[in-house]
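*Asks:* Give me a model of this one.
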Amino acid sequence: MSTSPVLNSPRGSLWHRWDLHFHTPSSFDYEDMSVSNEQIIDRLVAEGLRVVAITDHHVIDVERIRQLQQLGADRLTILPGI
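*Replies:* Now for the predicted structure:
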């Protein structure tokens with residue numbers, strides 16, 4: 001039996017914001033290639049997102065996805081998308 005405050009919330013169902021179609025500078029057509037992984041994570045967290053799927057055009061940048069997952073740690077879940 002879990003004692004997690006999220007699982008035992010008196011509010012009942014909890015809803016979180018997800019973005020399942022998100023691009024990074026790994027996409028060839030991303031507008032600002034100078035954006036860092038840290039800036040991406042900070043902005044997504046600030047916007048209240050909890051889960052993001054990276055769906056860059058024509059590439060799955062495994063290294064970037066792993067870095068984003070590490071930076072997001074317990075604040076944000078990063079999924080690879082196709």
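
*Asks:* which residues of the chain fall in strands?
*Replies:* Under the criterion DSSP state E, the chain contains strands at 17-22, 49-54, 77-80.

*Asks:* of all those, which gets the most neighbours per residue?
*Replies:* strand 49-54 (a mean of 19; mean count of other CB atoms under 10 Å). To be clear about C-beta, it is placed using only N, CA and C from the backbone, and glycine gets the same treatment.

*Asks:* For that strand, which strands pair with it and how are they oriented?
*Replies:* Take DSSP bridges as the rule and strand 49-54 pairs in its sheet with strand 17-22 (parallel), strand 77-80 (parallel).

*Asks:* So what touches it?
*Replies:* For strand 49-54, contacts defined as CB atoms under 8 Å, 6 or more residues apart in numbering pick out 16-24, 26, 44, 60-61, 64-65, 68, 76-81.

*Asks:* hmm, 7 Å instead?
*Replies:* Outside strand 49-54, the residues within contact range by CB atoms under 7 Å, 6 or more residues apart in numbering are 16-22, 24, 44, 65, 68, 76-81.

*Asks:* So what sits opposite the most centrally placed residue in the chain in the bridge?
*Replies:* In the chain, the centroid-proximal residue (CA atoms, centre = their mean) is residue 52; its distance is 3.4 Å. For residue 52, the beta-bridge partners are residue 19, residue 78 (DSSP bridges).

*Asks:* What pLDDT does the model give it?
*Replies:* Among the per-residue scores, residue 52 holds a pLDDT of 98.
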